[in-house]
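Participant: The sequence and its predicted three-dimensional model are supplied below.
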Amino acid sequence: LFAPIALAPRDPILGITEAFNADPNPNRINLGVGVYVGDDGRVPLLECVKRAETLLLEGSQPLTYLPIDGLQAYDKAASSLVFGADSPAIAEGRVVAVQTLGGTGGLRLGADLLRGFTPAKRVWISDPSWENHRALFENAGFTVETYPYSRERGRELDFAGMVGCLSGLPAGDVVILHACCHNPTGLDLTPEQWAEVIEVVKARGLVPFLDIAYQGFAEGLDPDAAPVRAFAAAGVSMLVSSSFSKSLSLYGERVGALSVVTSDSAEATRVLSQLKRLVRTNYSSPPSHGAKIASAVLGSPELRALWDEELTGMRTRIRSMREALAEKLTALVDGEDFSFITRQRGMFSYSGLPQLVIARLREEHSIYALDSGRICVAALNSRNIDTVANAIAGCLKT
Ligand code: LMR
């Protein structure tokens, strides 16, 4: 039965973690996957999460099924975090929110909704984009194309190229946009550039699907969601996939959401009914623990303020690692300016390092980055940054 099945290629991101885990070198460093690691070299358990878990334990609720579309308090909290507590679209009952298995689950559920219930057949992702975008939308039955996004080996934004491409697309095509901390380049649009994109999307009748997996890692929770809110204010129907994996350091809990902005509340009811069918026939209903933690944090002013503080700490530490890496590399490598690392936002630096250098880092130094040259700056710390900078410089010189 299974004999004709060919071997699938290794996942370009999680496959790097597999290779890292198999490396016996005790000094191996994983700069592949987008996971924030503290200065102590460990993935943090946030204090706000710890306190929320304590509250949940004290309440000792039975572990019954959640509704198909997830914990209602969570759905509300997740959508108001992206659209804003005073969102007119939410107040008008036009926003449908469904708890999903991480941001990836939100993207897939949105893809299935679009493919199954709208005429959309083509999805446009940025070039480059998150490695899983293409495969995810292709597996959902879409043809996937790319719009220009960067130049200078991914170090500069190609805004003219992006807008030029979007301006030529036919109505109904879906455009995937990274609301903040573009993955992998770390290059984000200015508010003025977003306004221009929104105008084009609206004028052409395109379907915006915003991916916001790193809310809070660029400027803060509210400013990072500004593009989502600007789209909603423009009155377009849209989809948003959001995630608490990084912002609450809840990776393994798979806590995400799909929010769909519809034209009116009757449409919202119909969309929700179909989303529930998609979920029920796929995994029935989502798991409860992570969603309970997230809604406990978001529902308590005290825990929410603590979260903001902890998120600011993560964001500030990443920035200091960016500055240190840029400084060290500029000192070690003659004639190269690495200041672009400090201008990129979020967890990643799209380093522009050639694939040969990435391979040597892996083979000679047990330093794991993506073949595309993407480095997770959020995994650097005061103990490994010199090793990384020296290894990169060494590979670039010889
Ligand atoms: C990444 O880009 O490394 C993260 O979004 C994790 C993932 O699922 O790929």
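Facilitator: Looks like it arrived, so ask away.

Participant: ok, which stretches of the stretch 51-200 of the chain are strands?
Facilitator: Under the criterion DSSP state E, counting those that start in this stretch, the stretch 51-200 of the chain carries strands at the ranges 95-101, 122-127, 143-148, 150-151, 156-157, 174-178.

Participant: Which one of those lies nearest to residue 109?
Facilitator: Closest approach to residue 109 among these (Cβ to Cβ): strand 95-101, 5.5 Å. C-beta coordinates here come from the backbone N, C-alpha and C atoms, glycine included.

Participant: Against which helices or strands is the closest one packed?
Facilitator: On a contact count with 3 or more Cβ pairs under 8 Å, 6 or more residues apart in numbering; DSSP states H and E, strand 95-101 meets helix 72-83, helix 102-117, strand 255-261, helix 265-280.

Participant: can you tell which of the strands of the stretch 51-200 of the chain is closest to residue 277?
Facilitator: Nearest to residue 277 among the strands of the stretch 51-200 of the chain is strand 95-101; the distance by Cβ to Cβ comes to 11.4 Å.

Participant: Which stretch among the helices and strands packed on strand 95-101 is buried most, on average?
Facilitator: Neighbour counts (mean count of other Cβ atoms under 10 Å) averaged over each of the helices and strands packed on strand 95-101 peak at strand 255-261, with a mean of 29.

Participant: Paired strands for that one, with orientation please.
Facilitator: Strand 255-261 has the following strand partners under DSSP bridges: strand 95-101 (antiparallel), strand 238-243 (antiparallel).

Participant: so how far is that strand from its chain's centroid?
Facilitator: Averaging C-alpha positions (Cα atoms, centre = their mean, to the nearest Å) puts strand 255-261 13 Å from its chain's average.

Participant: do that strand and the ligand meet?
Facilitator: No: Strand 255-261 stays clear of the ligand (Cβ under 6 Å from any ligand atom), getting no nearer than 10.7 Å.

Participant: Redo the strands of the stretch 51-200 of the chain as TSV? Include distance to residue 20, mean pLDDT and mean neighbour count.
Facilitator: What follows is these, written out as TSV (distance: least, Cβ to Cβ, whole Å; pLDDT from 0 to 100; neighbours: other Cβ atoms under 10 Å):
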stretch	distance to residue 20	mean pLDDT	mean neighbour count
strand 95-101	23	98	27
strand 122-127	26	98	22
strand 143-148	28	98	16
strand 150-151	26	93	18
strand 156-157	30	93	16
strand 174-178	25	98	25
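
Participant: With respect to residue 338, which of these lies nearest?
Facilitator: strand 156-157 (14.1 Å).

Participant: picking up where we left off before, could you dump the helices and strands packed on strand 95-101 into CSV with mean pLDDT added?
Facilitator: Listed next are the helices and strands packed on strand 95-101 as CSV, based on pLDDT from 0 to 100:
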stretch, mean pLDDT
helix 72-83, 97
helix 102-117, 98
strand 255-261, 98
helix 265-280, 98
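
Participant: would you say residue 314 is within a strand?
Facilitator: No: with DSSP: H, G, I helix; E, B strand; the rest coil as the criterion, residue 314 is assigned helix and is not in a strand.

Participant: give me the number of residues near the residue nearest to it when sequence neighbours are not counted?
Facilitator: Excluding the flanking residues, the one nearest residue 314 by Cβ to Cβ, 6 or more residues apart in numbering is residue 36, at 5.5 Å. Burial of residue 36 is recorded as 23 neighbouring residues (other Cβ atoms under 10 Å).

Participant: show me what contacts residue 245?
Facilitator: Residues near residue 245 by Cβ atoms under 8 Å, 6 or more residues apart in numbering: 102-103, 213, 251, 253-256.

Participant: about what we covered before: reformat the strands of the stretch 51-200 of the chain as a markdown table; add distance to residue 198.
Facilitator: Shown next, in a markdown table, are the strands of the stretch 51-200 of the chain (distance: least, Cβ to Cβ, whole Å):
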| stretch | distance to residue 198 |
| --- | --- |
| strand 95-101 | 18 |
| strand 122-127 | 15 |
| strand 143-148 | 15 |
| strand 150-151 | 20 |
| strand 156-157 | 17 |
| strand 174-178 | 10 |
